[in-house]
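*Asks:* Quick one, fold the following:
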Amino acid sequence: MVKHTEKFIPKSDVYSFGIVLLGLISRKQSAYHECHNLILDFREVYEKDKSGRIMFDKEIATEEDIFCLEEIGKLAMECLKQDIEDRPDMVEVEERLVMLRRDTKLKK
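*Replies:* Sure, this is the predicted structure:
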């Protein structure tokens, strides 16, 4: 996380992209409903349930899209790891999103 290192490195961008991914699947801003933090709330739900399903926006969480949303949530959690070395790099993030898109197209 940038706050801890005060350096901008490529994996800082990965962290930011993880926030964007969470925003896309939940349709929530990083801070919502006065005192809620999307990252902390999603992480808590994900660690407890091994799924972020209850945080997904209800309008986009159709049964046929749950697998894709779960994979995006899992990728977001990896992007948001506190230890920079544990985060994927942006090339890996891109590859996983491309594979997910390909898998999703094959299922339809």
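*Asks:* Give me the residues contacting the helix or strand hosting residue 42.
*Replies:* Secondary structure assigned from DSSP states H and E places residue 42 in helix 38-49. The contact list for helix 38-49 (CB atoms under 8 Å, 6 or more residues apart in numbering) reads 18-19, 22-23, 26, 28-32, 51-52, 54-55, 73, 76-77, 80. For every residue, glycine as well, the C-beta is placed using N, CA and C.
*Asks:* on contacts alone, who are the packing partners of the helix or strand following it?
*Replies:* Once helix 38-49 ends, the next helix or strand along the chain (criterion: DSSP H and E) is helix 66-79. Secondary-structure packing of helix 66-79 (3 or more CB pairs under 8 Å, 6 or more residues apart in numbering; DSSP states H and E): helix 10-26, helix 38-49, helix 90-107.
*Asks:* List of residues touching helix 66-79?
*Replies:* Contacts of helix 66-79 (CB under 8 Å, 6+ apart): 14-15, 17-19, 21-22, 24-25, 42-43, 46, 51-53, 55-56, 60-61, 86-88, 93, 96-97, 100, 104, 107.
*Asks:* how much space is there between residue 107 and residue 89?
*Replies:* As judged by CB to CB, to the nearest Å, residue 107 and residue 89 stand 27 Å apart.
*Asks:* Of the two, give the one with the bigger neighbour count.
*Replies:* Taking neighbours as other CB atoms under 10 Å, residue 107 and residue 89 compare with residue 89 leading, 12 against 8.
*Asks:* ok, that one touching residue 12?
*Replies:* No - using CB atoms under 8 Å, residue 89 and residue 12 do not qualify as a contacting pair, with a distance of 11.5 Å.
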